[in-house]
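Student: Based on what follows, work out the 3D shape:
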Amino acid sequence: MDIRTIREQAFAMPFTNPAFPPGPYRFIDREYFIVTYRTDPDKLRAVVPEPLEVGAPLVNYEFIRMPDSTGFGDYTESGQVIPVTYQGVAGSYTHAMYLDDHPPIAGGRELWGFPKKLARPSLKVYADTLVGELDYGPVRVATATMGYKHRTLDTTEITQSLSDPPNFLLKIIPHVDGTPRICELVRYHLRDVRVRGAWTGPAALSLFPHALAPVAELPVLEVVGARHILADLTLGLGEVVFDYLG
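Tutor: Down below sits the predicted model:
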């Protein structure tokens, strides 16, 4: 295998059998359960990288079911997304994500820099309650509940909230000596969003301490709202907006 072949065909690891295919990545019937809560502002600022800026001390705790995703299959993820601004434009920074499927862990980390780790999240309906749960090994890390479809939300507004704001990630890939080879702030958007339905209701969220899944380090001081969304969308590839090594 010559150098030219490697340069032309290299896409992802392993070279001869990548863990995920090239994009674009389309998601059908993607289901969100998002609980927005107020947290400690000092602890929030300590985990958001410059040049992103934090406004109100809010966190979106998310559970996402993805039963039909191009190249990634059927999986569930859960984690924390923080409202931020970059150069005066409002967006979101993904702080932590835990999921149960290897291809999107590998693809998310290698392509965009999603902070994904292996765990066991779930999102289900039990009678009249939407329930999201996250276990790391045998230990419960997060539990969220919401009254099932108590009130319908405006799908136009939800579509805009998914489509318009940029999303940010801190992508880090180490060199062979353990120093950072890539350390970048990445921006991406969700494309071709079609919201099938959106609802809200009374909600609660509990986070539990864990050494390797420290979501509770951004404590829940007050739940301020919740959304349950069903949508089709395409996860757009990213662009580098800031190079920490440059």
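
Student: For residue 213, see how far away residue 139 is.
Tutor: For residue 139, the distance to residue 213 (CB to CB, to the nearest Å) stands at 8 Å. From N, CA and C alone the C-beta is placed, and that goes for glycine too.

Student: who's more crowded, these two?
Tutor: Remark: of residue 139 and residue 213, residue 213 carries more neighbours, 22 against 14, as counted by other CB atoms under 10 Å.

Student: show me what contacts that one?
Tutor: 96, 98, 117, 119, 134, 136, 141 (CB atoms under 8 Å, 6 or more residues apart in numbering).

Student: got it, and residue 222?
Tutor: With contact taken as CB under 8 Å, 6+ apart, residue 222 is in contact with 37, 38.

Student: Please report how far it lies from residue 57.
Tutor: 10 Å.

Student: Kindly report the same for residue 78.
Tutor: Residue 78 is 21 Å from residue 57, where distance means CB to CB.

Student: my guess is residue 68 meets residue 25, correct?
Tutor: No. Using CB atoms under 8 Å as the test, residue 68 is too far from residue 25 to be in contact (11.3 Å).

Student: Looking at the two, which one has more neighbours?
Tutor: Between residue 68 and residue 25, residue 25 has the larger neighbour count (other CB under 10 Å), namely 21 against 13.

Student: Specify the beta-bridge partners of the more buried one.
Tutor: residue 235 (DSSP bridges).

Student: Quick check: it touching residue 69?
Tutor: Yes. The pair residue 25 / residue 69 is scored as a contact, 6.5 Å apart, by CB under 8 Å.

Student: and the closest residue to residue 147 other than its chain neighbours, backbone torsions?
Tutor: Nearest-residue entry for residue 147: residue 201, 3.3 Å, with adjacent residues in sequence omitted and distances by CB to CB, 6 or more residues apart in numbering. Dihedral angles of residue 201 (phi, psi; degrees, to the nearest 10) stand at phi 180, psi 180.

Student: pretty sure residue 201 is in contact with residue 152, am I right?
Tutor: No. Using CB under 8 Å as the test, residue 201 is too far from residue 152 to be in contact (10.5 Å).

Student: the more surrounded of these two?
Tutor: Of the pair residue 201 and residue 152, residue 201 is the one with more neighbours under other CB under 10 Å, namely 17 against 10.

Student: for the more buried one, what are its contacts?
Tutor: Neighbour list for residue 201: 130, 146, 147, 148, 149, 150, 151, 226, 228 [criterion: CB under 8 Å, 6+ apart].

Student: Please, which helix or strand holds the closest residue to the first one other than its chain neighbours?
Tutor: Translated: residue 130. Distance criterion CB to CB, 6+ apart; nearest residue to residue 130, sequence neighbours excluded, is residue 146 at 4.6 Å. Using DSSP states H and E, residue 146 sits in strand 139-147.

Student: Tell me the helices and strands packed up against the following helix or strand past that strand.
Tutor: Sequence order places strand 151-152 as the next helix or strand after strand 139-147, per DSSP H and E. Judged by 3 or more CB pairs under 8 Å, 6 or more residues apart in numbering; DSSP states H and E, strand 151-152 is in contact with strand 190-200.

Student: hmm, who's touching the strand it packs on?
Tutor: For strand 190-200, using CB under 8 Å, 6+ apart, the contacting residues are 24, 26, 29, 146, 148-155, 158-159, 162-163, 167, 225-236.

Student: averaged over its residues, what pLDDT does it have?
Tutor: The average pLDDT for strand 190-200 rounds to 98.

Student: chain center to it: distance?
Tutor: With CA atoms, centre = their mean, to the nearest Å as the basis, strand 190-200 stands 16 Å off its chain's centre.
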